[in-house]
Every structure is written in C-alpha cells, then in structure tokens.
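S.K.: Sequence unavailable; structure follows:
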C-alpha cells in the first residue's frame, strides 16, 4: 500500500524569522513560511507542485521514506492523490496511455487529462482506471498531529 505523505524537515530560519522546509525524497521541493501555520500550508503546496511537475515530465516519483526524528509528514493534497495513484499504477504496469484508453473504451486524450494535475477529473473516472489496472483507492483518516 502506498501512503501519500512525505517526510519534511522544517527548521527555523537563522535570523529567527520564519521557517524553511526541505523534502529529502524530492530534492527540488524547497519552501518556507512566515510562521508555523503558514509554513505547513506552503509545504503542502510545494509538495503538490513537485509531484505535479514529475507527473508532467514523466519522471520517477519515489516512495516516501520513513519520517525521521524531528521530521513531519506532509500529505499529498486530496485533489492530486488519485492522479498520483493512477500515474504510479501505470508506471508499475508499464502501460501506455493508449492501452489504458482501449481498456476503458475512451480516447487517449481522456487518459492524458486524467493524468494532468491541472485538469479537474471526476474521482469515479480515476477509480475506474485504477480498477482496470487491478488497483483500488482506499481512503482512511486519522487524528491531526
């Protein structure tokens, strides 16, 4: 099972004004914030942009490492998590867009849109695509930290 939360190091700025964030699994994901609450919002947005960029480029997306002491888990935003699941399932299966489109009875453009982080896709469509790949999304929730 893939859990879409990545560990982040959140450290105070040297001048004491705000925080900076680094994601060890995604070296391009760097951000910061004015206060801790702002920093957490910026971290989630930064993580989403790093994942979306990798999807758009067709890059590998590493599995999240285990959080180390003083790291905080930052979740992939809900709008992006299903697209990430589909992207990873397609890469794992080495399945091209055209073959998934054939299995779903849709055009390849529809599959491209399902994978596009900027395109609003109904969750049922992504769920059907994942089922065609032998996968399913499992939703869970837990207490906030």
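M.R.: Yep, it's here. Note that the structure is a prediction, hence the values are computed from the model and not measured.

S.K.: Residue 3 is in contact with residue 81, correct?
M.R.: No - counting by Cβ atoms under 8 Å, residue 81 does not reach residue 3; the two are 10.0 Å apart. Every residue, glycine included, has its C-beta placed from N, CA and C.

S.K.: more crowded one of the two?
M.R.: Comparing residue 81 with residue 3 by other Cβ atoms under 10 Å, the one with more neighbours is residue 81, at 21 against 12.

S.K.: what comes up buried for the lengthiest helix in the chain?
M.R.: Longest helix in the chain by number of residues (criterion: DSSP state H): helix 36-57. Under the neighbour-count criterion of 16 or more other Cβ atoms under 10 Å, helix 36-57 has 39-40, 42-44, 46-52, 54-55 buried.

S.K.: now do stretch 69-83
M.R.: Neighbour counts over stretch 69-83 (16+ other Cβ under 10 Å) mark 71, 72, 74, 75, 76, 77, 80, 81, 82, 83 as buried.
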